[in-house]
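A.B. asks: Build the 3D model from these lines:
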Amino acid sequence: MKTRAITGFFFILIMLGSVLFGEVTFAAFFLILSLLCLDEFYRLVRTEELRPQRITGVLLGLAVFSSVIWKFLHADTRYMLAIVPIAVAVFICELYRKSANPFQNIAFTLTGVVLTVAPFCFYAAIGFIDGTYNYHYSLGFLILLWSSDTGAYLFGRSLGKNKLFERHSPKKTWEGFFGGMVASLLAAFILSTQFTGISYIHWAAISLIVVIGGTLGDLCESMLKRSFDVKDSGNLLPGHGGVLDRFDGLFIAAPLVYVYLVIFTI
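C.D. replies: From the prediction side, this is the model:
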């Protein structure tokens, strides 16, 4: 528990610094984080029969995330053209690998980018939702996600009896889910008093999206790990497992929050 707490404390400090110190540190940190998640995904799913293309996949993830950030920083979409040849290369490379399951390799190579890098692109886009970088939205998202996780843990541990989705995550309970919702809505109210670019109604709506999307993302990652019979996605964060374990809640919540902000607040 002590190791877990120390790791979590310093990692949160680094994340907060990356968000608060400006668009360059924000982009650099989450680029690195997205690629770490992608590489961890490839390591997790690799078996004797299944061999996703780690190098080509990471290059594709790099091109996808970098082109999105370049678009927001310089209003230039030409860099996105780099995605096309690298995506094509995934198919071409498989022709020369002599694998027994070439299209499974291709599918998991591309799925890794969609599952890990694309959600971080949406999260980065949240930071630029006003056209220029504004840490209020990206930081607010993280606070709501952390509040949901903390509330779910505390309520689930003390009151949890009714299983939420036992087949994929036996420790999650409905009590924890609603406890996370209460904690996140409270955090949304506090955020609305400090970050006044949008009203509490919007912060509350985003909070609900984060709670529901974060829970679904966690369940999907649990489903992935159970499919490959592993407990943790990695061991990069002592006491916490891998980076996928820590950011699975972002994978569904971030795209949905971005869509909400575009439709209802811009």
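
A.B. asks: Show me what the mean pLDDT comes to for stretch 19-29.
C.D. replies: Averaged over stretch 19-29, pLDDT sits at 93.

A.B. asks: Okay, buried residues for that stretch please.
C.D. replies: Going by neighbour count (16 or more other CB atoms under 10 Å), the buried part of stretch 19-29 is V19, E23, F26, A27, F29. Using the backbone N, CA and C atoms, a C-beta is placed for each residue, glycine as well.

A.B. asks: Same check on stretch 91-100?
C.D. replies: For stretch 91-100, by 16+ other CB under 10 Å, it's C93, E94, S99.

A.B. asks: How about stretch 216-223?
C.D. replies: L216, G217, D218, L219, C220, E221, S222.

A.B. asks: re earlier: with the buried residues of stretch 19-29 in mind, which one is nearest to W203?
C.D. replies: Distances from W203 to the buried residues of stretch 19-29, taken as CB to CB, are shortest for V19 (17.0 Å).

A.B. asks: Might one say that the closest one is in contact with S138?
C.D. replies: Yes - here V19 reaches S138: they are 5.4 Å apart, a contact under CB atoms under 8 Å.

A.B. asks: list residues touching both of these two?
C.D. replies: F26, G127 (CB atoms under 8 Å, 6 or more residues apart in numbering).

A.B. asks: re the thing from before, any chance of the buried residues of stretch 216-223 in TSV, with secondary structure and pLDDT too?
C.D. replies: What follows is the buried residues of stretch 216-223, written out as TSV (DSSP: H, G, I helix; E, B strand; the rest coil; pLDDT from 0 to 100):
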residue	secondary structure	pLDDT
L216	helix	94
G217	helix	93
D218	helix	92
L219	helix	92
C220	helix	91
E221	helix	90
S222	helix	89
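
A.B. asks: S99 is in what secondary structure piece?
C.D. replies: Assessed by DSSP states H and E, S99 sits outside every helix and strand.

A.B. asks: ditto for L208
C.D. replies: helix 200-227.

A.B. asks: so what secondary structure elements neighbour that helix?
C.D. replies: Applying 3 or more CB pairs under 8 Å, 6 or more residues apart in numbering; DSSP states H and E, one finds that helix 200-227 makes contact with helix 23-45, helix 135-159, strand 169-173, helix 174-194, helix 243-264.

A.B. asks: out of these, which comes closest to A204?
C.D. replies: helix 174-194 (4.9 Å).

A.B. asks: Can you list the low-confidence ranges for the stretch 101-250 of the chain?
C.D. replies: Where the stretch 101-250 of the chain drops to pLDDT under 70, the residues are 237-240.

A.B. asks: Could you rerun that using 80?
C.D. replies: Applying pLDDT under 80 to the stretch 101-250 of the chain flags residues 232-241.

A.B. asks: Next, format the buried residues of stretch 216-223 as a markdown table and append distance to M181.
C.D. replies: Output for the buried residues of stretch 216-223, formatted as a markdown table (distance: CB to CB, whole Å):
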| residue | distance to M181 |
| --- | --- |
| L216 | 14 |
| G217 | 15 |
| D218 | 14 |
| L219 | 16 |
| C220 | 19 |
| E221 | 20 |
| S222 | 19 |
